[in-house]
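Trainee: Just the structure for this:
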Amino acid sequence: MFWGSNTGNQEEAAGFLKDFMESEGVEMDEFNIADTDPKKMLEYKRLIIGCPTWHIGELQDDWDFIYSKYKELDFTGITAAFFGCGDQVGYADNFLDAIGLLAKPFMENGGTLIGRYPTEEYQFDNSLALDGDDFLGLGLDNDNEEELTEERLVIWGEIIKDEFGI
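Mentor: Next comes the predicted model:
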């Protein structure tokens, strides 16, 4: 799992997800993208990528710093699931844009995306993370729905376990 976090929300979500997956018998390596060369992702066949949407539809600082390198990676043969924190009320026009900013080049560069999540429980206006009636990954909103975060992570963890075939 590769993640970045400014406020700690994404880091907490990554930690919870890692603990849950390991309780289910799934071994996981975990990397803060601030300290990791993005090429490290190519050493794995299965990835979980976490990035909050920051400011007005931007990547979290550490992801933004390595984004040009990330977009050049060849993800052929790699399957990934994406998740991120956002604010559907305060930033309704770009809720979870970071998921779209990372998932789309991943797919364009040969990667297989899993872990889509339904949009029906959310109230927002627009997102770069949309794929029909689903997000390209799991959206978390600790600003407005923190009480749903752990439940959503468990549900999504089960989904991606099945879709990863583990």
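
Trainee: pLDDT on the host helix or strand of residue 83, on average?
Mentor: Assigned by DSSP states H and E, residue 83 belongs to strand 79-85. The pLDDT scores in strand 79-85 average 98.

Trainee: Equivalent analysis for stretch 121-138, please.
Mentor: 97.

Trainee: What residues of that stretch count as buried?
Mentor: In terms of neighbour count (16 or more other C-beta atoms under 10 Å), stretch 121-138 has its buried residues at 122, 124, 127-131, 135-138. The way it works is simple: take the backbone N, C-alpha and C, and place the C-beta from them, glycine included.

Trainee: what about dumping the CA coordinates of it to CSV?
Mentor: Provided in CSV are the C-alpha atoms of stretch 121-138 (Å, rounded to 0.1, in the frame of the first residue of the first chain):
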residue,chain,number,x,y,z
GLU,A,121,-24.4,7.3,-0.4
TYR,A,122,-22.6,10.6,-1.1
GLN,A,123,-23.9,14.1,-1.9
PHE,A,124,-21.5,16.1,-4.2
ASP,A,125,-21.7,17.9,-7.5
ASN,A,126,-18.7,16.7,-9.5
SER,A,127,-15.6,14.5,-9.3
LEU,A,128,-12.8,13.4,-11.6
ALA,A,129,-13.1,10.1,-9.8
LEU,A,130,-16.4,9.2,-11.5
ASP,A,131,-17.0,6.2,-13.6
GLY,A,132,-20.7,6.0,-14.4
ASP,A,133,-22.5,5.5,-11.1
ASP,A,134,-19.3,4.5,-9.3
PHE,A,135,-16.2,6.2,-8.0
LEU,A,136,-12.9,4.8,-9.3
GLY,A,137,-12.2,3.9,-5.7
LEU,A,138,-13.4,4.3,-2.1
